[in-house]
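> kindly generate the corresponding structure for this input.
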Amino acid sequence: MTMDTNCISIAVDYCTIGRVVEERVQCLVRLTEHVDALSTEIKTTVPKSIGKSGRAARSYERQYLQLVEGVSDVCDASSSEEIPPDTWCEMHLNAGSWVNWRHLQRLAGEVAK
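Okay, the predicted model is just below:
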């Protein structure tokens, strides 16, 4: 998850450093759309359960349901003055969702081995 979190952080930096305000917002909107599309793709490919018993399987299933139901859709990101709060929050929520879907994707891949 650290690698994915760092990836998002670098992408946000790419959008926000050295650009005029209008370009920052446009870049963040494109990043948000891209990350949302990636999450949707992952959602269609990961299983609802990993077919094992035990704590890891229950944790996987709980995380899957939380992501599908959008349980963590609360924006607690601190926005910058130049970026509209709704743009900032949408990017933050989609990025967090993508990181969590990637985590489930990796877990499902490890079980399949």
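> now this protein, which segments are flagged as low pLDDT?
Across the chain, the ranges flagged by pLDDT under 70 are 52, 71-73, 77-81, 110-113.
> grab the most central residue of it for me.
When C-alpha atoms, centre = their mean is applied to the chain, the residue found nearest the centroid is Trp98 (2.2 Å).
> contacting residues for it?
By C-beta atoms under 8 Å, 6 or more residues apart in numbering, the contact list for Trp98 reads Asp4, Ile8, Val35, Asp36, Leu38, Ser39, Ile42. Heads up, the C-betas are built off the backbone N, CA and C, glycines and all.
> wouldn't Val29 be in contact with Pro84 here?
No. Counting by C-beta atoms under 8 Å, Val29 does not reach Pro84; the two are 10.0 Å apart.
> quick one: which helix or strand includes the residue nearest to the centre of the chain?
helix 85-112 (DSSP states H and E).
> buried residues, that helix. List them.
87-104, 107-108 (16 or more other C-beta atoms under 10 Å).
> who's in contact with stretch 8-17?
The contact list for stretch 8-17, computed with C-beta under 8 Å, 6+ apart, reads Arg24, Cys27, Leu28, Leu31, Val35, Ser80, Ile83, Met91, Ala95, Trp98, Val99.
> would you turn those into CSV with distance to Tyr60?
What follows is those, written out as CSV (distance: C-beta to C-beta, whole Å):
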residue, distance to Tyr60
Arg24, 37
Cys27, 34
Leu28, 31
Leu31, 28
Val35, 22
Ser80, 35
Ile83, 34
Met91, 26
Ala95, 21
Trp98, 17
Val99, 15
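> which one of the residues you listed is nearest to Val68?
Distance to Val68, by C-beta to C-beta, is smallest for Trp98 among the contacts of stretch 8-17, at 14.2 Å.
> what segments of the chain are strands?
Ranges of strands in the chain, per DSSP state E: none exist.
> got the residue ranges for the helices in it?
Ranges of helices in the chain, per DSSP state H, are 2-16, 21-45, 55-69, 85-112.
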